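Q: what follows is a protein structure lacking sequence information:
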């Protein structure tokens, strides 16, 4: 659940980290300002998280917890998404502050990864959870996706994105899945979708004419249905069939829409973390109709 709490934090950063290279004469105050603000934000958010999340449960000796069978893998995808988003925004902020591209990339990526690793250590001292190697692996995948693309191509051709639509399962367990929209979009994995959004035109040869609009993406999504518990549904909802869902859809890479207006570039980078509603082909496991087409799906 908490990786998506970070999503709101990261999307807020996006509005301040719009795409521009550092100017030749970047003001000297930017670096200390960015580093101070980043350190204060991370430290403050960890203190708040500790008070809101961990104080309700007893402390324990440091221990490990294997949660790979929880929530159909959605929790791990959320970790990867959070690491990717935090790393990219910190990279962009560091560039704005005047850091060179590779230094900004490594600093931003590793800072984001370390931030999530600290949360895992706090988990390790909580009796309700434990240090999850699976979470660390997922964080590393998200960070690796950002790093590898910037080092290879100096751009993000494959993006991790998020979308949400309320499910019918949250009212069955409101304490766990959320009792309101504001809670459910953070807690209800049945309503969340995670997407791998690929830009075909960016893979075309530079000396050839791509048949795809530069802004058009193909998106591959994943979600679940019927999950009212992590590894198993409780007794009152045990009749629900737990299903996996896969999606194929269209998407937009907003950052590839050219504009000279700085505020639009800022908005486009913020929007680029959310999968747009589009025609979608859905496959789900289990009994019944397994293949469906949606004219518009979010």
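A: That came in fine, so what should we check first? Remember, predicted model here, so these are calculated numbers, not experimental data.

Q: please make it C-alpha for all contacts and neighbour counts, starting now.
A: Will do.

Q: quick one, what contacts residue 282?
A: 245, 246, 247, 248, 290, 291, 292, 293, 294 (Cα atoms under 8 Å, 6 or more residues apart in numbering).

Q: columns secondary structure on top of these, output as TSV?
A: Output for the contacts of residue 282, formatted as TSV (DSSP: H, G, I helix; E, B strand; the rest coil):
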residue	secondary structure
245	strand
246	strand
247	strand
248	strand
290	coil
291	strand
292	strand
293	strand
294	strand
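
Q: got a ChimeraX select line for the buried ones in those residues?
A: In ChimeraX, this line selects whichever of the contacts of residue 282 come out buried by 16 or more other Cα atoms under 10 Å:
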select :245,246,247,248
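
Q: let me know the closest of the contacts of residue 282 to residue 162.
A: residue 247 (12.8 Å; Cα to Cα).

Q: list the beta-bridge partners for the closest one.
A: With DSSP bridges as the criterion, residue 247 is bridged to residue 221, residue 282.

Q: quick check, it in contact with residue 220.
A: Yes - using Cα atoms under 8 Å, residue 247 is in contact with residue 220, at 5.5 Å.

Q: circling back: just the contacts of residue 282 now: which is nearest residue 154?
A: Once Cα to Cα is applied, the member of the contacts of residue 282 that ends up nearest residue 154 is residue 248, at 26.4 Å.

Q: where's the residue nearest in space to the middle of the chain, which helix or strand?
A: By Cα atoms, centre = their mean, the chain has its centre lying nearest to residue 81, at 2.5 Å. Using DSSP states H and E, residue 81 falls within helix 74-96.

Q: and the contacts of whichever helix or strand comes after that helix?
A: Going down the chain from helix 74-96, the next helix or strand is helix 101-124, by DSSP H and E. Identification of contacts with helix 101-124 by Cα under 8 Å, 6+ apart yields 42, 46, 61-65, 83, 86-92, 94-95, 129-132, 135-136, 139-140, 143, 146-147, 150-151.

Q: the helix holding residue 81 vs helix 101-124, what angle?
A: 140 degrees (axes from the mean of the first three to the mean of the last three Cα atoms, to 10 degrees).

Q: and helix 74-96, how far from the chain's centre?
A: 7 Å (Cα atoms, centre = their mean, to the nearest Å).

Q: from the contacts of residue 282, which is closest to residue 261?
A: residue 248 (32.4 Å).

Q: touching, residue 162 and residue 272? I think so.
A: No - at 9.5 Å, residue 162 does not count as touching residue 272 under the criterion of Cα under 8 Å.

Q: got any ranges where the stretch 51-200 of the chain has weak pLDDT?
A: 52-53 (pLDDT under 70).

Q: between the contacts of residue 282, which is nearest residue 255?
A: Nearest member of the contacts of residue 282 to residue 255, counting by Cα to Cα, is residue 248, at 21.3 Å.

Q: now that closest one: how far from residue 45?
A: Residue 248 sits 36 Å away from residue 45, going by Cα to Cα, to the nearest Å.

Q: okay, helices next: where are they in the chain?
A: 2-14, 30-49, 74-96, 101-124, 133-153, 174-177, 181-187, 262-271 (DSSP state H).
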